[in-house]
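In: Need the 3D shape of this:
(chains A and B)
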Amino acid sequence: MTEKKLLMGNEAIALGAIETGVQVVTGYPGTPSTEALETIIRYADRCGIYTEWSSNEKVALETAIGAAYSGAKALVTMKQVGLNVASDPLMSLSYIGIKGALVLLVADDPGPHSSQTEQDTRVFGHFANIPVLDPATPQEAYELTKLAFELSHEFEIPVILRTTTRVSHSSGDVEVAVTEPALVESVDEGFVKDRRWTIFPRLTAERHPWLESVQDQLSERFSELSFNSVSGSGKIGIIASGVSALYVREAVETVRSFEELFTLFRVGTVYPFPEKAVLSFLKGIDRLIVAEELDPYLEEQVLQLIGRAHLSVEVYGKKNGFFPVSGEYNVDLVIDGINLALEACGESLRLSHALPTISGEKLPPLPVRAPTLCAGCMHRTVFYAFKQAAKQLKKESQADTIFSGDIGCYTLGNAYPLNMVDTCLCMGAGISIAGGLFRTNPKAKHVAFIGDSTFFHSGIPAVINAVYNRADITLAVLDNRTTAMTGHQPHPGIGLTALGSASRAIKIADVVQSCGVEFVRTVDTVDEDSLESCVKAAKEAMNFKGLSVIVFKGRCAGIIKPDKYYEIKPEACTGCGFCIKELGCPALNLASDKPVIQDSCSGCGLCAQVCPSEAICLGGEKL
Amino acid sequence: MKYNILIAGVGGQGVVLASRMLALAAMKAGFHVSTAETIGMSQREGSVSSHIRIGDKISGSLIPIGQADLLLGLEPAETVRNLPFLKKGGKVLVNTHAIQPASRPPGCPEYKSAALLSFLCEYYPDILCSDFTELAEDVGTYRTANVAMLGAAVGARVLPFPESTLRAVLDAEIPERYRAVNKAAFERAMKCIRLISGT
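Out: Residues are numbered from 1 along each chain as shown, chains lettered A, B, ... in the order given. This next block holds a predicted model:
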């Protein structure tokens, strides 16, 4: 019995994993991967699946590895940059291999929409000798998840299921086999002691030939799978993987009898490259167009294959400028690339774009909507407080302040009008970068901002380093008691596990204290007059010699139900617009000549504290 | 059969929910469906859109330029921003209720929604517009403007599945405590559009 469901790609992956009998699931939230683990959490109790949000991706992978060493089927989920954090255990694991099964869901983000890199996990798999499957739709994501577990178990090697935003965050009708997931079987055997689990130079040397032979076996196997498919019979070949393959199909569909002109090769199992199948495809064509997002991975694979087999096939891809080297693809962009290639190979045929009612260039000027901190976000109060503190210090001692940001909602502190993020690189980097900036700019003040979840993810080693090596910096922990940006997952500071059961809440102030930080303050941002105390604490901390840490406590405006709102007294408001210009709060709007406070106000009262005319006051309670 | 719907709005307006309702209804009507939504960082007060592709075949989730059959604009500027996706002869339904951006960095154009609305009406004479936020607020809460727009689409008879299919989906998907207020917005908007367009 199968059933059709409307599933997001990430949900389809979760259901595929549950159906295959996954027993242990770990991960760290990261767009666009988060919903996979969130979906499994919903079934965890019913199916007896152990599920956790781990403190970071490396920890998540290692936990899953332990489970897989014991014969369990394990899944670990992360976004592409999370794989960088988890790469240390992964690179070693490929030599050791696993028992049971271990699948990594790694979601790439061409564009990027919500990421700091446009890295390509297909290439990472190649580098790490880990097989990579690359679905194009939620249906394929569901099926390839099941295949990933099968392959991982059979070959005793971890497998990467690589998605992109348009797969993970796409919804579609998915035919699922098991409509009501049942209880999974427990691990029978458990961990069996064996020297194979302890990596050592000699063991690595022994295992390396095995690892290479698995790559060859998998390449052979992949050549037979229907996920790598050929359609059409023309002399112009097109090779594509993931969503790009769908864009290609839609692009050429407008041509009558396109099957006679083109031959499409869709690659679903991208690494190890299905050489045998691709080679037989290459022998039937004389020109090849490569359409793929991110790195020219397929292109490099076919180029070396063409070279090795001494074929005479002209290749049109990223490397010779026919397709963009970066950014997200779509049908129109693929049409342009194919047309360029058709022109270069002397074909008269061109694919045509649909005619829009109006082109982008002819649109009237439009407002810019940069993503911004929510109305009532505690980060705004803290950023504004540090801005004031830095201004005062500049006046008093001519010291400039450099602000190092980090990854999370508070990266949005970089936006106008706050402009409070001077550096931002990767999870946990702000503290260490501030330390480095201090070495080279000793006269300046250095402030690093980090969120609560990011602090636990990778902030702690940097705190220890700053104490140990005596960095003179200030750390502001923005503790809004949730992993906000990815949709409010719990973390070690909350006192709740992924499934909502009670756990020990680790206090950030206690952690930094035990690391030897001498200046530790906890400041509340919720009070109606919190700005003044925040500015005072910020200044004190910045004047302290050595590492000073302030833990700012607040509530994420995205989860609280506001109980009050503020309003502007029109008779007192001079219309100076100071509140809007200083804060950039989305609840504040310049209606005509005077600002108004909109329904989205969540009652933080920051605007009332900055208004020079005291024209903003508590409006009342929200029902 | 191939029918593409683009819903455009601002983060927080409920674009994702509206998109899910349409996708479920299309599926219920026996079609393949695929959607692409804006999730993550850009949700925070940013421009968001949802592409819904309905048809006999599965395709990539992004609508190509000039291929949207229907543009549901939850906000005037966001409607204009997505016009290049609209195909010749495509339908536009607009919520005239403007949402000002949170801040206007120096050099960014000022948002004059009246100018954009008159541009829309001039360019697309058979456009259907109304203040669906106000309409939703009148029957309960401004938050149901997204569902009101679905009612408007039903009223304009521009959806590729029967009205009853969408109603059944709304009944099944919207939690009971919000159902009445959403239904009220849906009905009011449907009648309002029927009145305007004489359908």
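
In: So the residue nearest to residue A:407 when sequence neighbours are not counted: helix, strand or coil?
Out: Excluding its sequence neighbours, the residue lying closest to residue A:407 (CB to CB, 6 or more residues apart in numbering or on different chains) is residue A:427, at 4.8 Å. C-beta coordinates here come from the backbone N, C-alpha and C atoms, glycine included. With DSSP: H, G, I helix; E, B strand; the rest coil as the basis, residue A:427 sits in coil.

In: May I have the secondary structure class of residue A:380?
Out: Look at residue A:380: counting by three-state DSSP, its state is helix.

In: okay but it is in contact with residue A:417, surely?
Out: No. The criterion here is CB atoms under 8 Å, and residue A:380 misses it with residue A:417 at 10.5 Å.

In: Which of these two has more residues huddled nearby?
Out: The residue with more neighbours, out of residue A:380 and residue A:417, is residue A:380; 26 against 17, by other CB atoms under 10 Å in any protein chain shown.

In: Now for residue A:569, how many residues are close by?
Out: Using other CB under 10 Å, the number of residues around residue A:569 comes to 13.

In: Which strand or helix spans residue 166?
Out: I went with chain A, as the question did not name one. helix A:165-168 (DSSP states H and E).

In: wrong one, chain B
Out: helix B:163-173.

In: domain parsing for chain A?
Out: Domain assignment of chain A by automatic domain parsing yields the ranges A:3-222, A:229-344, A:378-553, A:564-621.

In: what's next to the helix or strand bottoming out on mean pLDDT in chain A, contact-wise?
Out: When the helices and strands of chain A are scored by mean pLDDT, DSSP states H and E, strand A:588-590 comes last with a mean of 85. If you take CB atoms under 8 Å, 6 or more residues apart in numbering or on different chains as the criterion, strand A:588-590 is touched by A:577, A:579, A:580, A:595, A:596, A:597, A:598, A:607, B:100, B:102.

In: from the residues you listed, which is closest to residue A:354?
Out: Nearest to residue A:354 among these: residue B:100, at 32.8 Å, using CB to CB.

In: need the contact list for the closest one.
Out: By CB under 8 Å, 6+ apart, residue B:100 lies in contact with A:367, A:589, A:590, B:111.

In: Quickly run through the sheet partners of whatever helix or strand residue A:107 lives in, with directions.
Out: Element membership of residue A:107, judged by DSSP H and E, is strand A:101-108. Using DSSP bridges, strand A:101-108 pairs in its sheet with strand A:73-79 (parallel), strand A:159-164 (parallel).

In: pLDDT value on the residue nearest to residue A:407, please?
Out: Here the pLDDT value assigned to residue A:427 is 97.

In: Identify the residue nearest the residue nearest the centre of chain B in space, chain neighbours excluded?
Out: In chain B, the C-alpha nearest the mean C-alpha coordinate belongs to residue B:72, at 3.1 Å (CA atoms, centre = their mean). Closest residue to residue B:72 apart from its sequence neighbours, by CB to CB, 6+ apart: residue B:7 at 4.6 Å.
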